[in-house]
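Engineer: no FASTA, just this:
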DNA sequence: GCCGGAAGTGATACACTGTAACAAAGCCGC
DNA sequence: GCGGCTTTGTTACAGTGTATCACTTCCGGC
Ligand SMILES: [Zn+2]
Ligand SMILES: [Zn+2]
Ligand SMILES: [Zn+2]
Ligand SMILES: [Zn+2]
């Protein structure tokens, strides 16, 4: 999945559907801003956990993060990671992928109530995030028909991303 | 939703949004038919696990089922339950709810590729199942736009079912 | 600067969820 | 019945997430 935006900031208009890793600097900035707004602490541990999620090649599990942050002389227990992840999810900076027990940085800065679609590539393991007005409205109709009041929803699609499909075709 | 048809088959047209337990007899019959078709064994254990899933008040976890099936003198280990559940899911008789680690009987007899929407009531804990052509087509468009080839997807909505909402309103 | 409450972290233990490996039992076609 | 396959039992273990409590850090008020 592609890394969006380089230092010289080329035109990156996202007509492509493939995942663009959130720019580490951008998401960090967003984190700091959000924490200032809400008057909560963006502590070192929280920053490190966010960094780990952003920097990981594949969406890591909580234990992966704990291991990555631990060194001889400093052990970060999974429970600390979970707390930081809860915090980051509360702020909408990180999402949990229920079907994988993994965590991804939010790539969209969408509102909390807005539905997102996670595209999980079973070949490369990458997870892309997109929004879908069509799904949103269709789901709204369906829920209304069912008399169900939604609080939040998860939509995770497993399959093959464009890059992996192309690679397979060339092979 | 809905279990159509009781013994005296009253009009049960399901304008209501709340979960209607699948008729135990019907799903059992379907299981036997499917197993005959595919020439696989519908063993006692598999039947008991299916029964347990159908009969449970709330969607049970695998360990709940194991406990329910165990008695003094006969212990059913979780691993056996998982195997039976895998079997039943393969046949499309049971679904796993990723956001809850719970299992529900299929209430629709839909095809394997067809998308379903799970409606999870956070008040009563009931889980209803419905299909949504709108979502289906909307999601198709979105995936195409993203260049993503889907294999299968999960869509789980948490909120309040009609019954619980009414109950709350009257209170 | 100091104090006191609130928030965050460390550490341990534990509960819950799921899988691997191998042996024993049951089924089925020959 | 024999031989191969499927299913189940049993044990052990890996992976995921939470409860508890003590300790530290932060922050606002004095
Ligand atoms: Zn997001
Ligand atoms: Zn891929
Ligand atoms: Zn179903
Ligand atoms: Zn309800």
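Structural biologist: Perfect, I can see it now. This structure is a prediction, so every number in the text was calculated from the model and none was measured. Ligands and ions are numbered 1, 2, ... in the order given.
Engineer: Just want the angle from the helix or strand in which residue A:142 is found to helix B:133-146.
Structural biologist: Using DSSP states H and E, the element containing residue A:142 is helix A:133-146. For helix A:133-146 against helix B:133-146, the angle by axes from the mean of the first three to the mean of the last three CA atoms, to 10 degrees is 170 degrees.
Engineer: packing partners for helix A:133-146?
Structural biologist: Other elements packing on helix A:133-146 under the criterion 3 or more CB pairs under 8 Å, 6 or more residues apart in numbering or on different chains; DSSP states H and E are strand A:149-160, strand B:116-121, strand B:127-131, helix B:133-146, strand B:149-160. Heads up, the C-betas are built off the backbone N, CA and C, glycines and all.
Engineer: wait, doesn't residue A:104 sit right on residue A:120?
Structural biologist: No - counting by CB atoms under 8 Å, residue A:104 does not reach residue A:120; the two are 9.6 Å apart.
Engineer: Quick check: which of the helices and strands packed on helix A:133-146 has the most neighbours on average?
Structural biologist: Of all those, strand B:116-121 carries the top mean neighbour count, a mean of 24, counting by mean count of other CB atoms under 10 Å in any protein chain shown.
Engineer: Please name the nearest non-neighbouring residue to residue A:151.
Structural biologist: Distances taken as CB to CB, 6 or more residues apart in numbering or on different chains place residue B:159 nearest to residue A:151, at 4.4 Å, with adjacent residues excluded.
Engineer: Identify the residues contacting that neighbour.
Structural biologist: When contacts are counted by CB atoms under 8 Å, 6 or more residues apart in numbering or on different chains, residue B:159 touches A:143, A:148, A:149, A:150, A:151, A:152, B:119, B:120, B:121, B:122.
Engineer: So residue A:32 belongs to a helix, correct?
Structural biologist: Yes - assessed with DSSP: H, G, I helix; E, B strand; the rest coil, residue A:32 lies in a helix.
Engineer: Now tabulate the helices and strands packed on helix A:133-146 in CSV and tack on mean pLDDT and distance to DNA strand D.
Structural biologist: Below are the helices and strands packed on helix A:133-146 laid out as CSV (pLDDT from 0 to 100; distance: least, CB to the nearest atom of the strand, whole Å):
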stretch, mean pLDDT, distance to DNA strand D
strand A:149-160, 97, 13
strand B:116-121, 98, 16
strand B:127-131, 97, 19
helix B:133-146, 97, 25
strand B:149-160, 97, 14
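Engineer: does stretch A:34-54 come close to DNA strand C?
Structural biologist: Yes - Stretch A:34-54 is in contact with DNA strand C by CB under 7 Å from any atom of the strand, via A:40, A:41, A:43, A:44, A:45, A:46.
Engineer: so the second one sits in a strand?
Structural biologist: No - residue assignment for residue A:41, taken from three-state DSSP, gives coil, which places it outside any strand.
Engineer: per-residue confidence for it?
Structural biologist: What the model reports as pLDDT for residue A:41 is 96.
Engineer: mind checking the SS state of the nearest residue to it once chain neighbours are set aside?
Structural biologist: Distance criterion CB to CB, 6+ apart; nearest residue to residue A:41, sequence neighbours excluded, is residue A:35 at 6.7 Å. Following three-state DSSP, residue A:35 is assigned to helix.
Engineer: can you count the residues close to residue A:35?
Structural biologist: Using other CB atoms under 10 Å in any protein chain shown, residue A:35 has 18 other residues around it.
Engineer: quick one: it and residue A:91 touch, right?
Structural biologist: Yes - taking CB under 8 Å as the definition, residue A:35 is a contact partner of residue A:91 at 7.4 Å.
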